[in-house]
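Trainee: no sequence for this one, just the structure:
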């Protein structure tokens with residue numbers, strides 16, 4: 001007996017060829033009806049025999065497009081209305097927009113075959129795409145995901161593209177960015193004045209020629225401009241460093257193919273799979289001791305890892321196949337500013353860095369940087385969540401009905417919008433230390449609110465009164481809630497791993513404003529998903545000079561020593577070479593003695609800086625975490641012993657690291673090797689975490705904060721906890737650094753508001 005079924009699907013189903021898939025499946029099953037995008041996902045109505053419809057549902061779940069994700073699927077049986085045929089209908093214009101915008105997807109193998117086929121009409125066309133790949137988030141202006149709602153609306157399809165777009169069994173059936181050389185975007189090569197040097201057919205060959213001459217090119221890519229230079233040329237890479245004012249921070253490298261990556265770095269099966277994935281992130285890989293391809297020593301100086309990525313757009317593939325040598329592919333910006341996405345903006349801001357500009361005329365709606373990922377014990381761990389991952393949401397177990405906007409942290413900022421049971425996390429925005437990044441923050445907030453037609457009732461910000469989120473005006477008049485920085489870190493890892501019940505949360509980083517007004521960063525909490533109990537903390541010390549201490553790490557070292565030796569500090573440091581001849585020392589000691597322009601902190605990050613300086617592995621942090629990384633990379637293997645430390649029981653457990661530092665000072669005088677000191681320091685921190693876990697006896701241990709980007713520390717803690725019957729949890733899809741704060745703020749606030757509603761109902 002014929003019946004009708006209505007299927008409402010929510011999830012990441014727009015932009016993945018989902019409607020063409022449903023159309024083909026319905027035709028195959030000989031069903032009549034329709035499919036259309038809605039503001040909440042995809043709606044299907046189909047008529048046929050009940051047994052066939054049940055099989056249709058199963059085939060949707062099993063055969064859905066590979067990159068799509070179904071979060072919910074509601075089915076209702078109705079009386080038939082006698083549809084004639086099956087069709088893709090115009091998208092609905094309903095108000096409640098909750099559909100998931102898909103991330104940008106790396107070019108697929110089918111498109112690559114066509115790209116390099118001389119007989120194909122899209123041969124070497126830099127914007128080839130289909131329903132399985134291509135731009136999504138960077139071109140979408142609003143949802144539903146239809147061409148008029150993207151920046152491709154500026155390009156009218158030619159008759160041949162329109163024919164493919166309308167053909168149900170074509171790979172480009174309803175591919176919204178569909179284009180070809182006759183009707184789509186085009187590239188050109190400009191000089192610094194914006195004058196055209198080369199047109200469509202010669203722009204890329206000329207770019208390759210200029211790169212081989214050592215020139216720097218600003219290339220308009222998928223989510224913004226990238227600065228491209230020959231990664232094997234010392235001269236080119238050093239020139240880029242000088243112009244970009246980026247002294248030591250590693251550059252990302254793009255290589256032609258997976259074989260090239262393996263000639264440069266040590267890779268395992270999971271890392272190769274990650275490089276080749278549709279997300280195509282920058283993957284941190286261990287350098288080979290004897291590489292077959294020699295990159296410039298200035299690419300990642302002093303770092304045992306390279307950040308490697310494969311070409312992910314047709315434009316990149318054509319470039320890499322032509323140049324046949326690795327290139328630097330770093331964000332097209334001035335340090336700490338957002339990526340340029342507009343040609344004129346790029347000429348204005350990058351004119352002092354780039355020699356030439358490879359541009360195209362497809363508008364980039366929003367800047368999206370490259371994601372950065374590494375493998376940790378067989379799992380992906382995102383360092384920067386952007387292209388390929390944003391803006392897919394994290395799903396919460398319960399929907400409390402509250403719409404929440406979380407403003408994130410000051411550094412590595414992201415924002416998050418919680419609506420329904422989903423938290424939509426923005427792409428990486430950056431450090432909020434300048435007007436340009438603050439404007440991008442405001443634009444991103446407006447973006448999320450507009451796309452999802454969601455006006456937040458609650459705004460969440462960090463506790464720090466000086467953070468941009470504490471003063472920025474968004475949705476004025478709405479309720480504001482403050483969530484302490486490390487509480488947000490703990491919550492982000494707790495809810496990402498979908499935990500329940502109590503746990504021990506270890507939150508170690510550089511800076512977070514504590515509830516007592518001091519700067520925290522070496523914290524342990526008991527947390528049950530609702531309530532935090534501050535359980536333990538690294539012993540606080542005072543650092544002279546406020547924000548200067550983050551880069552000038554001798555201030556942290558001096559603060560650590562003064563906390564131990566007081567007025568005898570000057571005598572102690574006379575035999576410690578990093579302090580020798582430094583004219584600042586007397587003034588800094590006076591600041592500590594008189595408690596002028598100084599701050600107290602429990603920061604594990606600053607303790608890393610102090611030991612890095614004392615041991616002589618680092619002298620200055622030109623970018624966040626540099627000194628700590630130098631200490632990590634110096635650490636010797638196969639060292640198992642530790643330094644002494646004490647646990648003092650006060651209102652909370654205080655980890656007294658004084659014995660450790662005193663032993664390190666003695667070893668420095670005895671000229672113990674730096675790698676040995678670095679290893680023992682790391683081993684001691686690992687033992688500290690295990691000791692507190694044993695004392696507090698919580699089976700589940702959550703690890704969050706920027707310090708857990710340190711692989712020696714993270715792997716050591718995971719192994720040590722597991723061997724002592726604890727269950728460690730760390731980040732995977734949410735960054736462990738401050739890029740994960742917004743998710744933690746939103747998820748934790750959602751739980752608090754839900755709890756308040758429950759309490760009201762019980763009264």
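Mentor: Sure, I can see it. In this text the structure is predicted, and so the values were computed from the model without any measurement.

Trainee: CA only for contacts and neighbour counts going forward, please
Mentor: Will do.

Trainee: gap between the two ends of stretch 719-737?
Mentor: The first residue of stretch 719-737 is 21 Å away from its last residue (CA to CA, to the nearest Å).

Trainee: actually, stretch 631-640.
Mentor: End residues of stretch 631-640 are separated by 17 Å (CA to CA).

Trainee: surely residue 182 meets residue 159?
Mentor: No: using CA atoms under 8 Å, residue 182 is not in contact with residue 159, being 9.8 Å away.

Trainee: show me the contacts for residue 494.
Mentor: Shown in contact with residue 494 (CA atoms under 8 Å, 6 or more residues apart in numbering): 529, 702, 729.

Trainee: from the residues you listed, pick the one nearest residue 234.
Mentor: Closest approach between the contacts of residue 494 and residue 234, by CA to CA: residue 729, at 41.3 Å.

Trainee: residue 219: what secondary structure?
Mentor: Look at residue 219: counting by DSSP: H, G, I helix; E, B strand; the rest coil, its state is strand.

Trainee: could you find the closest non-adjacent residue to it?
Mentor: residue 358 (4.7 Å; CA to CA, 6 or more residues apart in numbering).

Trainee: who's in contact with the one you found?
Mentor: 187, 188, 189, 190, 203, 204, 207, 217, 218, 219, 220.

Trainee: in its sheet, what does the helix-or-strand element of the chain with minimal mean pLDDT sit against?
Mentor: Across the helices and strands of the chain, the lowest-confidence element by mean pLDDT, DSSP states H and E is strand 69-78, at a mean of 75. Here strand 69-78 is paired, per DSSP bridges, with strand 2-12 (antiparallel).

Trainee: how does the protein divide into domains?
Mentor: Following the assignment in automatic domain parsing, the chain carries domains at 2-88, 103-185, 187-360, 404-497+740-761, 504-731.

Trainee: these: which one's closest to residue 366?
Mentor: Comparing the domains of the chain by CA to CA, domain 103-185 comes nearest, at 5.5 Å.

Trainee: how long is the closest one from one end to the other?
Mentor: Start-to-end span of domain 103-185 (CA to CA) is 20 Å.

Trainee: likewise stretch 84-102?
Mentor: With CA to CA applied, stretch 84-102 spans 32 Å between its terminal residues.

Trainee: which regions of the stretch 451-600 of the chain sit below the pLDDT cut-off?
Mentor: 477 (pLDDT under 70).

Trainee: follow-up on the earlier one: compare the mean pLDDT across the domains of the chain and name the weakest.
Mentor: Across the domains of the chain, domain 2-88 has the smallest mean pLDDT, namely a mean of 86.

Trainee: distance from the chain centre to it, please.
Mentor: 34 Å (CA atoms, centre = their mean, to the nearest Å).

Trainee: ends of that domain, how far apart?
Mentor: Per CA to CA, domain 2-88 runs 21 Å from first to last residue.

Trainee: neighbours around residue 1, how many?
Mentor: By other CA atoms under 10 Å, 6 other residues sit near residue 1.

Trainee: residue 74 versus that one, what's the distance?
Mentor: Residue 1 is 22 Å from residue 74, by CA to CA.

Trainee: the residue nearest to residue 281 when sequence neighbours are not counted: what's it in contact with?
Mentor: Of all residues not flanking residue 281 in the chain, residue 371 sits nearest, at 5.0 Å (CA to CA, 6+ apart). Neighbour list for residue 371: 281, 282, 382, 383, 384, 385, 386, 387, 388, 389 [criterion: CA under 8 Å, 6+ apart].

Trainee: where does residue 371 land on pLDDT?
Mentor: 97.

Trainee: now swap in residue 94 and tell me
Mentor: 50.

Trainee: what do you get for the one 4 residues further on?
Mentor: The model reports residue 98 with a pLDDT of 57.

Trainee: the strands in the stretch 251-400 of the chain, which residues?
Mentor: Ranges of strands within the stretch 251-400 of the chain are 252-254, 265-266, 282-287, 305-309, 327-331, 356-360, 372-376, 379-384, 394-395, based on DSSP state E, counting those that start in this stretch.

Trainee: out of the ones you listed, nearest to residue 684?
Mentor: Nearest to residue 684, of those and by CA to CA, is strand 372-376 at 21.1 Å.
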